[in-house]
Every structure is written in structure tokens, then in C-alpha cells.
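Peer 1: here are the coordinates; sequence isn't available:
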């Protein structure tokens, strides 16, 4: 059976299963786009199908909007009640654009005035990954660790809550997720020796409901009686403290700076934690739990239900923060409530999202730093030959930005495929002694990255999560650093760092259409139904982020180790794109 | 007889006359765009006619390019040998884009590194009005007064000549004109007590060939035996010195910061000079020659042939720098080598360009500061009731930015009409004592501008230069601060500060098409034939300039006198547009 748009669930929580695959679909799809990942399952799938494989070649720019900021634009625009909401990089303006009027004039702009000093603790450009709409309000984070609630109609600030301290190296770049009346947000700063946390604020008042640290004793990690990780070894007491030496867990990273998914039926949120600090692994013996891990927690209390560490004692800056796409999959004849997680380490984890069991972990990107996952113990089989430390290593793949980084995948229930924008990077590194000074970089590794096998630095691929196999792939000159969007029109969209916005056939990967925007794309494309009933595609252009710091941050390319070694792989980016900050909205003529 | 494209001259210097009107057409039109004004006559008229009144409604964005700079973009893109050249506001990057490849990738970028301090002497945003192509090189000016010659193929600097000193309040924003092997450039700084000049550099070597001051003794103004102004009173000796008190001419303004036209047959260049300094007229008794004037000079020697002062003893910052469009007009049965000059004072001057005789000077904008021009003496009849000084005046029209400012008109030989983007602003002012300190503002007037009659702050109109009458007009909310372009397809293009790029029927003014760009438009649209033989329209978006300083410069709107009083008229601009810097290229599907 093949799903068509008409079959797709428009009712909250309706479960679709087929003989081949199933999926949860947690929100009604009314043509709006209320959260960056489109829905709690994080599929980034739009049921709109006016734009399809036959007519997408006619797509044209409907209108544009300049954000007035020329740094990396990683956010997804939101569309609610015929209004589009855009969050800019620092200084984190929030624009509301009226879609009912020609040219979508600005209804209001909210300016939170984050302190300029916060730019100094942004490891990798001053990005922001967007906002979330919930119950008449827009929620988002400022670089200086304030979560704000803004009235979606008026632009008036409802509340603002300070959650951290830039003097500790903390910042905030992630998009909140709102579930069960809680605004869930986490900190950034894995390269600054922060102590990572995820926190929940009451959506009405902004009061902090809970805060779960990634490291430290179980009481701080909100691990209690109901914590039942799948693997035996993960059930010991106080692993967030005991897998470290001395007090290193207090500055051990594990920031929660990226995506959160939510399963309303299981009542669990899922998110990953960053690399441990410092990068130099010789300075932090132990597994360094719960860095480079995934947590499943109750949204109302933060209580941990299970956890799993993708990269124990991480050697390569392999954060575990990448998206978790919630899918119900028929695996070996059994319907599994699963999640798909393409990790920085280059492996595509299919896990049972009820308990954290790893079902498969096959490479979606070229890698040589691990040999696989022991499905009995769940433990990653490291390649010790590529272990870092004070020694010099060469040709370790993937490089620190991983097989992929934060750039989120999309999943189509029509094709059953996951669409993954990702990297193809290797690196060499030499460890140095990292010295902790509050609020300054705490890394201890000099790296130089470069293109992996084939010479292309990026790839966009389609992945079959059941067969655990790549179906097709398109090579990209630069890391594919934008999000993906897939639609019921069988078109998958993404952008490239050299400024092409592309539409591919989601079954073949054939290029159907492309358009040259002004600045490289690292934003998240979305699709919505306009007040005129027509389907639109929107994406922010504005190169930057870690991959684009060489252009957006004016990094001098003479030193390849700049931007944590990414510069070495991106010295030519400036020949292909320029800084910018512009929204593009596309439609059929 | 009506001219069609096929009738237009493609031979250098060919003269066209008709029973109704004539025109000089000084350059072959091969679908390139080699200077901002398109040709020496400054008609901004393209003979391309693929895009016409019938199909312009299908126009769509072909590609875009981000300049990486978010200040006012006033430049015209150039197109030569299938390469597009773009000059940005400070830091004055020069981009070469390869039109033969998809998405027009950057061939090279030239970065002149003008000193950041030059931004401090830019009266009205850090704009640049573009470059000129000549004989394999791109010539343009940097804000810190360097004229550069860059190899058009390689982007290599050929020469760079320093022409002035920011410590004297000088800057450079104008686009050079190259004629007879001379690169002709002038300074900015009428609000900084500079001494204005126009200079010519040898195109091959960058060596200064001549420099003609606007004020001072005849020897400095390059007035000699061949100086034959039309009006008797202008023939006295050393007027550039003797119409001033004491040494005031040394800091008296008369900057040459805007357009130059050239008539190869008469071998004359034409350009205007800025307001006198300071604004407060009570501080500078006399006619203040040759400020607010027009000069006709020989391009090779700079020798003045005639001059005329539009605004003797200027009371209202009425620079004389606006464009001079060279037209051969049949006036009262007589073919006149004329020029059309829409002045800041709101009058459309039709002058004999052989000698400077004023043929007509009718208002194209609402005005009450003058009653007309005495055609016998050539002298403007000031309205003394609106004279400024230490006293307070109210409701003087036009305001200092004039009936129009630098934003250049276009002229179609098909319709015989001039298309004028302009302002509708009045103001109140109070004089203060201006004190000269080198390199700082020297103004002495607190002004507050506001919309003129009707409430619209701008207008785009078609003007019949023979009948000296307005044919049609379109009201604009904000000053129409972009250039105009008119084509053989009978379409006239311009952009608005609130971000609409518009196409009108050149005979009726009817709106045929409009597109919402990202940031307000103050650039100069151009048209060119691509390597695929198709017609393209290109324009830079990026609000700013004097009118847009409130957005681009982050001017606080609390003080309406900020930005020389323009702020008071533009407090709401930020509600309608945002900063940006983006090239848009349009074509038919």
C-alpha cells in the first residue's frame, strides 16, 4: 500500500501503520508550520502536494524579506494564522510578517536586546535555530540565555526568563519544544567547558519547572526509580559523576543545544547531549556520561526514563545532539516504536524509543573511527588506531562536525525514506593541553579538516530505515548544512552552502529544479498553505554557522585550525558565496 | 514619426532628430551596460524590448546575489562581456559575476580596504553609486577618496590614486565617468565644510591630469579665456572667490559628488556642484559661487566653457548635483542641443547645453521657495518669506533633499518623456551657529522634514521636456529614492524604499507588475542582454542613503533632527523595510 495525501492523518495522535512501515503523526497538518521540525515526531514532512515532481520546475520566487542581519541563518520560519515568524541570528530579532497582504509586510518586530558579549561565547557563529508556536505565543531563546514568550498577535513580551550565564561560557542557540505546557530549552557551550542541561519552563509564567543536567549525580541528572535504560551497564548509580575523574563532570560539556522530539503516547521527550569537554580525551579519563548521549524524559517532570550513550569517552567531538525522528517501523515482522538518529559518528541509529535498544547502526557517511555497535551491550566499537589525544592522528573520518551535524533530516511516510543532508569530512589532529578558564574555549585539540573520499565535502542522501541502507545520494561540493523538507508532492528540498536551493525527486534523487539565492543556505526549508490556498516553500538564506564561519565570521583562512579546524576544509567558500540574511518564499506561477 | 528599436543609432555619435524631438545617443547599444547612466547622454534607456508592456507581468526572479553588506545600495550594476560588476557600500567591494554560468558565480572580488574612519565623514550613509567600464578596466571610487582601476578580466588592481583627505571631511561616493581617456571623479562633503572639486585621472596611469575647484579664484576653478557663460553677470572675474566673504570659499562646499554627462560632439562634460557650507546662509553672505551650479568643461583639460548657478546663495541645501540628461529638443520650431536637469529646488531646467541658457524651469515637484527663473538674467527668483538663517521658518518646500536628490531620471526617445523618481517633502528649520572644525559636520541648521501636500513623501512622474509639463504621476508613500530605467519595450522600472520593484507602462503610468524584494530599493535598475540572448533586468536592494539612514544607520527616531532632519519624515520606515544588500535579476520565464 502506498500512502497518499488523502490517507494522511489530520487528527491528533492518529497512528498510521502499513505492511511496510508505519509512523506516528503527532500534530494535525492544516498547512501551518508551528515548530521547526513540523511536528513532534520531527518528520519535516508536509502533506501539501500542489507542488509536485511534475510542476516544481516552474517554481518561482513569490516574495523576499531581508532580516537585516548578515550571519548564519539556521532557523526555520514558522507559519501560524497567516503570519510568518522569523528569528534572526544575534541580535535575535523576531519578525512577524502578515501573509494576508501583498509582499507580506511586517506586523511587528520584537527586539530582545541580548548582550553583545554573548557573541564571544558562541563557538560557531551567532546562530539561532528558530522558535516554537504554542497557544497564542511564540517561544524562543536569545544567545545570552534568555527564553522569551511573545504574544503572537501583538509582539508584546509576555515573559522572559534568564537561564544561564555567558560568563560560564554558556549560550543558547536551539529552538524550544513545547509539550504539555512546558517550554523545553537547553544550553550550548560544549567547547567552553560548560555543564550541559535541559530545562523546562512553564509556558504561561516562564517559571522554571525542572532542570536536568547531563553530568553529575543522579539527583542532578533527574535519574530516579523509573530510570530503565536498555543496557545493563547503564543502570549503575551516579554514572554522570562516576564515569569522570574528580570534579571534571562540572565542566564536562554535555550541552543540550539541538533538537527535541516528543511522543505524546509514550509521554517521552527525546534529545541528545553534546561532546564532553575538553575535546582532548586524554584529559578526561572515563566514559564521561552522559555526554554524547540521548535521553528520554517526561516533559512535565524531566524525570529520565532511559538514556543511551552513542559515543562513550568521545574522541572526536561527536555530539549526540542530532535529530531523533520518531517512526513506527515494521522490523523483522515486528512493529517497533522506533526513532531514527543519524549520529555525528556517521552511523544511522534505529532505536526502540520505548527503552533505548539499538536495532541497527549502519554508516550513512564514510567513517573509519568505529567498527560498529555491539548490539548486545549497545557499546560503540571504537577504532583505537584513530583515537585522539596528545598524539597526532591523521585521516580520521568523520571529522568533528560528524557524518552530519545539527542539520535536520526529513522523513516521508509516502516513500518510507529518511532524507539526510550531511557531511563528508575527515581530519587530522594534535592534542594540546586545554586549560579551563571560565567563559573561554576549552578544547585542547588542533584540528585540520578536509574532504573525505571522493573529494565532495557534502552529500544529500535518502536512507531506508528498515533495510538500513542508502537508496540514493547526491554529492555536494560543500557540507550539506541546511535542513531537509519533504512533501506529499514527492519533492524533497534542501539548500547548499554555495547558494543553490534544490528540489529533488524523493524516489530517485533526480534534480528537478534549483534556484540561486543570494547567500549560502544553512536554514531549514518549510512548506505552508497561504491565505490564498496555495502551497508555498520558504527558506532562509544566509551562510554561516560552524561550517560557514569562514565567510560569516570573517575567519582568516591562513590558519586552517581556526573555527576548530573547519577552516581548513572551507578556505574556498568565499569564492562561492557571500554573507547575507534573506528569506525566500517560492510558489508556482 | 515614432522611433522603434530598429531605428535607434548603433553608431557612435549618430544624431537622431524627429519632427517632435531628437536626441543624441552617444554609445552603441549592444545590450551591455558599461556606465551607470547607460550612455554619455545619461538617458538610462535600453533598446532591449523582449520585455514589454504585454509580458512584463510574467517577470520572475532569475537569480540573486548577496553583497554581504547591509547599508544603502545606490549603485548600478554594470554588464560587460557577459560579466556583471557590482560595487558595494563601504567597504567598497567590487564583485565580478560570471553570467555565462548558472547562478552567475563570482569570478573574483576586489577589496580595496578603505579606512573604516571614512565612515565618519559620510554625511548620509556609506553609499557608493557605482563604477564605470572603459577599455578593459573597471574604475570606481572608495569612500576614503581613492580612485581605483581594476582589470576587468582578472580583478587585479592596475592603479590606485589617492585624491583627498578624510581629515578635511572629504569622502567619495560618486561613480566616475570616463571620457577621452580621462577618469573624471569628484569629492563629497558639502556638510563638512570641504572645498569641492572635480578631477580627471589618466585612465592608463591614474596620474592626476587636472583638478577644478568649485570655489576660489578663476585659476583654481579652471576658468580662462574660453569661459563664456550665457548670462552676463556670470562673466565677472574670480566669482568663485569674490561672491564670498573673506576666506569662506576655502570651506564653502560645492562638492561634485554626483553625475557627469558628456557630449562627444561638443566635447563637453556636464556636472553640478553641491550646496555651499555651512547650510546656515546667514553665515556666508554672497552668491557663494560656484556652489549649487552646473559646469560645462573640456574633459581633457578641465577648462570651464560655461557655468550657471541654479541656486545663488542657497538657502535650503539645494545642491545642483542632479543628473543632466542630454537631449536634442525641437523647441518652438528650433532644434536645440539641450539638457534636462531636475534640480533639488523642484524645477526642471531645460538648458541649451552649448552655452547654458535656461530655456524653461517649471516645477516638477511641489515648491514654495521660489517663484521662477528670470529667463533674461537666468537668476532664480527666491521667495524671501521662506529664507532660512538664524530665524525659524516653517513649511518651506521642497525640503533639503529637494524636489529630487541624486536618484537619476531616465529618458525614452520612443515617448519623448523623462521619467523622474522624486520627493514630496517640506520642512521647518532653525539656524544655529556652525563652527568649523576640520572633518566634522558644518551645517548650522536644525531641520525637521515631513510630507508635502497630499501626504505622500514621494512620486514617480513622466515629464514632457518640450511642453514642460507633467504627463502622469504615481504617488509613493516614501521618497522615490531609486534610479529609473526605461526600455524600448515601453516599460519603465524603479524601486521603492518599502521594497517594491515596479514596472509601469511608460505612456500611462499604469502599474504592470511589482515584486517585493527583501530590503528597500535605492539602487539604479539596469537592463542587459544575457549570453543566452535574453533580456534581463537587474537592481540592487538595500535601503539606506540619506533617506534611509533611519534604518541602515540605526538612527534613533526620537530626535527628528537627526540625519539632518530627514529622520523626522522617516520615523516609520523601519515598519516597512529592513536592512539588506542583495542583487535581484529578473527575466521572463
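Peer 2: Structure's in. What do you need? Since the model is a prediction, treat every value here as computed from it, not as a measurement.
Peer 1: Tell me the secondary structure at residue A:240.
Peer 2: The three-state label given to residue A:240 by DSSP: H, G, I helix; E, B strand; the rest coil is helix.
Peer 1: Surely it and residue A:221 touch.
Peer 2: Yes: at 4.6 Å, residue A:240 counts as touching residue A:221 under the criterion of C-beta atoms under 8 Å. The C-beta positions use only the backbone N, C-alpha and C, and glycine is treated the same way.
Peer 1: Need the residues touching each of the two.
Peer 2: Shared contacts of residue A:240 and residue A:221, defined by C-beta atoms under 8 Å, 6 or more residues apart in numbering or on different chains, comprise A:213, A:214, A:215, A:290.
Peer 1: Excluding residues flanking it in the chain, which one is nearest the second one?
Peer 2: Read it as residue A:214. With C-beta to C-beta, 6 or more residues apart in numbering or on different chains as the criterion, residue A:214 has its nearest non-adjacent residue at 3.0 Å, and that residue is residue A:254.
Peer 1: can you check the third one too?
Peer 2: Distances taken as C-beta to C-beta, 6+ apart put residue A:249 closest to residue A:215, at 4.0 Å, once the chain neighbours are dropped.
Peer 1: Contact partners for the one you found?
Peer 2: So residue A:249 contacts A:195, A:215, A:216, A:240, A:241, A:288 (C-beta under 8 Å, 6+ apart).
Peer 1: Show me which of these is closest to chain B.
Peer 2: Sorting the contacts of residue A:249 by how near they are to chain B, with C-beta to the nearest C-beta, puts residue A:195 at the top with 36.6 Å.
Peer 1: Residue A:215 is in contact with the closest one, correct?
Peer 2: Yes: here residue A:195 reaches residue A:215: they are 6.0 Å apart, a contact under C-beta under 8 Å.
Peer 1: For residue A:65, pull up the helix or strand it's in.
Peer 2: Element membership for residue A:65 (DSSP states H and E) is strand A:60-66.
Peer 1: can you tell if that strand touches chain B?
Peer 2: Yes: for strand A:60-66, a contact with chain B is found by C-beta under 8 Å from any C-beta of the partner chain, at A:60, A:61, A:63, A:64, A:65, A:66.
Peer 1: relative to strand B:60-66, how tilted is that strand?
Peer 2: Per axes from the mean of the first three to the mean of the last three C-alpha atoms, to 10 degrees, the angle that strand A:60-66 makes with strand B:60-66 is 30 degrees.
Peer 1: Quick one: mean pLDDT for strand A:60-66?
Peer 2: Mean pLDDT, computed over strand A:60-66, is 97.
Peer 1: Adjacent strands (with direction) for that strand?
Peer 2: Strand A:60-66 sits in its sheet next to strand A:582-587 (antiparallel), going by DSSP bridges.
Peer 1: List the contacts of the partner strand.
Peer 2: Here strand A:582-587 makes contact (C-beta under 8 Å, 6+ apart) with A:51, A:59-67, A:77, A:84, A:86, A:104, A:501, A:515, A:517-519, A:530, A:534-542, B:64, B:66, B:518, B:580, B:582.
Peer 1: Write the ChimeraX selection for whichever of those are buried.
Peer 2: Remark: buried members of the contacts of strand A:582-587, expressed as a ChimeraX selection using 16 or more other C-beta atoms under 10 Å in any protein chain shown:
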select /A:51,59,60,61,62,63,64,65,66,67,77,84,86,104,501,515,517,518,519,530,535,536,537,538,539,540,541,542 /B:64,66,518,580,582
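Peer 1: Return the list of helices and strands in contact with the helix or strand where residue A:326 lies.
Peer 2: Using DSSP H and E, residue A:326 falls within strand A:325-331. Applying 3 or more C-beta pairs under 8 Å, 6 or more residues apart in numbering or on different chains; DSSP states H and E, one finds that strand A:325-331 contacts strand A:15-17, strand A:22-24, strand A:260-263, strand A:334-342.
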